[in-house]
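> pasting the sequence and the predicted coordinates here, then a few questions.
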Amino acid sequence: MIIPFRNVEKYVGECLESVAGQSLRDFEVICVDDGSTDGSADVAAAMCAIDDRFRLVRQHNMGPGMARNVGLRHATRRYLAFVDGDDVVPRAAFAKLVGSLESTGSDLACGDAMRLIGGQLVRSWAHKEAFKVSRKRTHITRHPALIRDRMVWNKVFRRSFWDDLRLAFPDRMYEDQPVAMAAHVRAASVDVLREVVYHWRQRDEAESSITQRKLEPDNLRDRLLSVCDASRILRGGAPGLGAAFDTDTLEIDMHVVAEAVARHGDRLPSDIVELAVSYLDQVPLSGWLGLPFERRLLVHLLHRRELGPLAEVFAEVESGALQPLMRRTGRPRRRWVAEHSRMPDHLMPLSGDLSLASRLVRLDWREGMLRGEGRVSIGRFDAGAVGRVQLRTSLKERKSGARISLGSATAFPTWAETAWEDDSTALESGYDFAFTLDPATLAAHGSGHWELHMELRRPGLHLQGRIGGRRWAQPTTPVPVRQRGLWLVPVRTPRGSWGVKLFRRNSVVRECHVHGDELVVSGELAKLGDGEPVLRLIRRNDGEEVYFPVALDGHAFTARVAFAEIDDSKQEEACWDLVLDQGKVVRPVVETAARPEVEVKGRRYLVDRSEDGCLMIRETGVS
């Protein structure tokens, strides 16, 4: 395997150790120092001194592509793999990839990847669809989701296949893309593994990462050159994939260029816009119509070189002010379009944009009933021409699919002020809705997790979806109530979706409040276990745990959580579940309406209920 690196002293040791610790033991590693000015090469040299499978090659700084090509000239084994010096490889990764090639005879094997952010692993959106299930001896023409699999580091290549194609990396950034696409197109067969084989790091130092400097001119130019190369490869070797590639490229790469133009204006070199235009000239209408309307409009303005209007529209998108009128057209009025003065008729049709955005603005107990009020919009469009609709609110049980209707009503579009994530507000077109839930009706169905759903109907339009909302905003989650021996707990998931959960549980949290930099939690345990009790905080995305002592007075308990001891990493967001452990794990129901929040050491903590009505802390950065 080949590991190019430059100035990654902070990370390269962990990278090399992850490679040295592979369960596949028989391999060689060519470490290529691409002109490091820090201690990276010393770290690599130290590994070479203790493990004879590692060799170090040094060169002047020539870029990652050229460093990989140098490594290729020194590699001697039957298989090739590439690892970036700041990333990490799971222990069984290469054993799984090589083992698959040995059993199938395919030309390359590839696997899923996760992002490594602030020491925590999160799903990589780019790889999610392609690696949902394993597929042996497949091909990109039979599995088009591989269009997004444009990196080389989650793969093992058969060396004879590589040499037969005379593959080499171009001398620029984004050097992976044309090589990965050429390999996928020209391979006789490819093995796709659903297992995670790579941890792709997002560095703390944004200025040192190629993908985190996406709006810089040199970065944009190299990105576009690689897009054009990959496009030529696909159109020549797999023309049936052109539309899928175009839709993906318009939504991601061209939107990045549009954002750069909007933010930099005349300071952006003109050749970057011309490169984008030369690519867009060859995109057929089907590629454009697969793009969400907002992005379609921005990329269209880029294509027309209307850079001033592009900046204006981009600002409207960011502020929430862009809401084109949605109307039905054609004879007999069979399709929906969105109107904008700068969008030509052939780019106005809507398809995937037609989705519901439903959210609660109020949820509370009134006169023994759970009453909710909210707003529903159709994407980010002016619904004035849609007119009257029928709205139906219901509860759907997550496992069984059983439904309980909460009523339906006729609604007309109105404009209302809506709060955004940055606490700004904007007028939004949509419909008001309300519902009432009798807890006795729900309790008659027994335990379960019931999700709130919204359905919108009118002639020629039928949309449905879950009711959600901003996670850090109103309304607060109402307190649980007991009905027929069951706890009825209004809940909101970490993704913001609302519902009601029913279950039997006797231990409760009666109070939680912030005192200084601590969270004080008190309540009652139904049964006492053996040993000293502790309060465990369990981070959802990686299972990391932090422990705090619990004081008991009979069945009453009190615990103090020091926020400063929870976490010192800088990942964007984390959720911690709180459980009591006294030889047996207990998850008390949160009975109090309190929802305290605090800022400690540059982090924001919000105490809330989890999906099962128990205690949870949401953590996010504030700067």
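Nice, thanks for sending it over. Numbers count the residues shown, from 1 in each chain.

> tell me, what residue is most central in this structure?
residue 125 (5.2 Å; CA atoms, centre = their mean).

> how much space separates it from residue 299?
Separation of residue 125 from residue 299 (CB to CB, to the nearest Å) stands at 20 Å. Placement of C-beta: from N, CA and C, glycine included.

> one step back: three-state assignment of the residue nearest to the centre of the chain?
coil (DSSP: H, G, I helix; E, B strand; the rest coil).

> what do you get for residue 393?
When the rule is three-state DSSP, residue 393 gets the label strand.

> got any ranges where the stretch 351-500 of the chain has weak pLDDT?
419-424, 470-474, 494 (pLDDT under 70).

> quick one: the strands in it?
Using DSSP state E, counting those that start in this stretch, the strands of the stretch 351-500 of the chain run over 356-366, 369-378, 389-397, 403-411, 414-419, 425-437, 448-458, 461-468, 481-483, 486-492, 498-503.

> which strands or helices does the fourth one pack on?
With contacts defined as 3 or more CB pairs under 8 Å, 6 or more residues apart in numbering; DSSP states H and E, the secondary structure elements packing on strand 403-411 are strand 389-397, strand 425-437.

> can you put the ones you listed in CSV and add distance to residue 281 and mean neighbour count?
Shown next, in CSV, are those (distance: least, CB to CB, whole Å; neighbours: other CB atoms under 10 Å):
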stretch, distance to residue 281, mean neighbour count
strand 389-397, 40, 19
strand 425-437, 35, 19
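
> make CSV from these and add distance to residue 95 to it.
Putting the helices and strands packed on strand 403-411 into CSV (distance: least, CB to CB, whole Å) gives the following:
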stretch, distance to residue 95
strand 389-397, 42
strand 425-437, 52
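
> minimum distance to residue 38: which of the ones you listed has it?
strand 425-437 (45.8 Å; CB to CB).

> what helix or strand is residue 58 on?
strand 54-59 (DSSP states H and E).

> now do the very next helix or strand once past that strand and strand 54-59, the angle between them.
Using DSSP H and E, the helix or strand that follows strand 54-59 in sequence is helix 64-74. Here helix 64-74 points in a direction 130 degrees away from that of strand 54-59 (axes from the mean of the first three to the mean of the last three CA atoms, to 10 degrees).

> sorry, back to before: do you know which of the helices and strands packed on strand 403-411 lies nearest residue 183?
Of all the helices and strands packed on strand 403-411, strand 389-397 comes closest under CB to CB, at 44.0 Å.

> direction included, what does that closest one pair up with?
Strand pairing for strand 389-397, using DSSP bridges, gives strand 403-411 (antiparallel), strand 448-458 (antiparallel).

> quick one: it to strand 356-366, angle?
Using the same axes, to 10 degrees, strand 389-397 lies at 70 degrees relative to strand 356-366.

> read off the pLDDT value for the residue of the chain most remote from its centre.
Most distant from the centre of the chain: residue 554, at 45.2 Å, with distances by CA atoms, centre = their mean. pLDDT recorded at residue 554 is 88.

> ok, now residue 501?
88.

> so it sits against residue 446, correct?
No. With contact defined as CB atoms under 8 Å, residue 501 and residue 446 do not form a contacting pair (11.9 Å).

> so these two - more neighbours on which side?
Higher neighbour count among residue 501 and residue 446: residue 501, with 24 against 12, using other CB atoms under 10 Å.

> spit out the contact partners of the more buried one.
Residues counted as contacts of residue 501 (CB atoms under 8 Å, 6 or more residues apart in numbering) are 448-450, 487-489, 491, 611-613.

> kindly report the same for residue 605.
Applying CB under 8 Å, 6+ apart, the residues near residue 605 are 519, 563, 566, 597-599, 617-619.

> pretty sure residue 98 is in a helix, no?
Yes. Counting by three-state DSSP, residue 98 is located in a helix.

> can you put the strands of the stretch 351-500 of the chain in CSV and add distance to residue 70?
Listed next are the strands of the stretch 351-500 of the chain as CSV, based on distance: least, CB to CB, whole Å:
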stretch, distance to residue 70
strand 356-366, 51
strand 369-378, 54
strand 389-397, 58
strand 403-411, 62
strand 414-419, 54
strand 425-437, 53
strand 448-458, 55
strand 461-468, 50
strand 481-483, 68
strand 486-492, 53
strand 498-503, 56
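
> go through these and name the closest to residue 306.
strand 425-437 (24.0 Å).

> the closest one to strand 369-378, inter-axis angle?
Using the same axes, to 10 degrees: strand 425-437 against strand 369-378 is 140 degrees.

> so how far is strand 425-437 from its chain's centroid?
In terms of CA atoms, centre = their mean, to the nearest Å, the centre of strand 425-437 is set 27 Å apart from its chain centre.

> paired strands for that strand, with orientation please.
When DSSP bridges is applied, strand 425-437 pairs with strand 369-378 (antiparallel), strand 414-419 (antiparallel).

> tell me the buried residues in the longest helix anywhere in the chain?
Longest helix of the chain, by residue count under DSSP state H: helix 217-237. When burial is assessed from 16 or more other CB atoms under 10 Å, helix 217-237 yields the following buried residues: 219-231, 233-234.

> got the angle for it vs helix 64-74?
Going by the same axes, to 10 degrees, helix 217-237 makes 60 degrees with helix 64-74.

> residues in contact with the helix or strand just after helix 217-237?
Going down the chain from helix 217-237, the next helix or strand is helix 242-249, by DSSP H and E. Helix 242-249 is contacted by residues 144, 147-148, 227, 230-231, 234-235, 279, 283-284, 286-287, 290-291 when judged by CB under 8 Å, 6+ apart.

> redo that, cut-off 6 Å
144, 147, 227, 234-235, 283, 286-287, 290 (CB atoms under 6 Å, 6 or more residues apart in numbering).

> tell me what the longest helix of the chain is packed against?
Applying 3 or more CB pairs under 6 Å, 6 or more residues apart in numbering; DSSP states H and E, one finds that helix 217-237 contacts helix 176-186, helix 242-249, helix 270-280.

> how about 8 Å then?
If you count contacts as 3+ CB pairs under 8 Å, 6+ apart, helix 217-237 packs onto helix 176-186, helix 242-249, helix 255-264, helix 270-280.

> select, out of those helices, the one closest to residue 112.
Judging the helices and strands packed on helix 217-237 by CB to CB, what sits closest to residue 112 is helix 176-186, at 14.9 Å.

> now residue 37: closest residue in space, sequence neighbours ignored.
Distances taken as CB to CB, 6 or more residues apart in numbering place residue 7 nearest to residue 37, at 6.2 Å, with adjacent residues excluded.

> what of residue 362?
Using CB to CB, 6+ apart, the closest residue to residue 362 is residue 373 (4.3 Å).

> re the thing from before, would you turn the helices and strands packed on helix 217-237 into a markdown table with mean pLDDT, distance to residue 16 and mean neighbour count?
Output for the helices and strands packed on helix 217-237, formatted as a markdown table (pLDDT from 0 to 100; distance: least, CB to CB, whole Å; neighbours: other CB atoms under 10 Å):
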| stretch | mean pLDDT | distance to residue 16 | mean neighbour count |
| --- | --- | --- | --- |
| helix 176-186 | 95 | 21 | 23 |
| helix 242-249 | 86 | 33 | 20 |
| helix 255-264 | 92 | 32 | 21 |
| helix 270-280 | 93 | 36 | 17 |
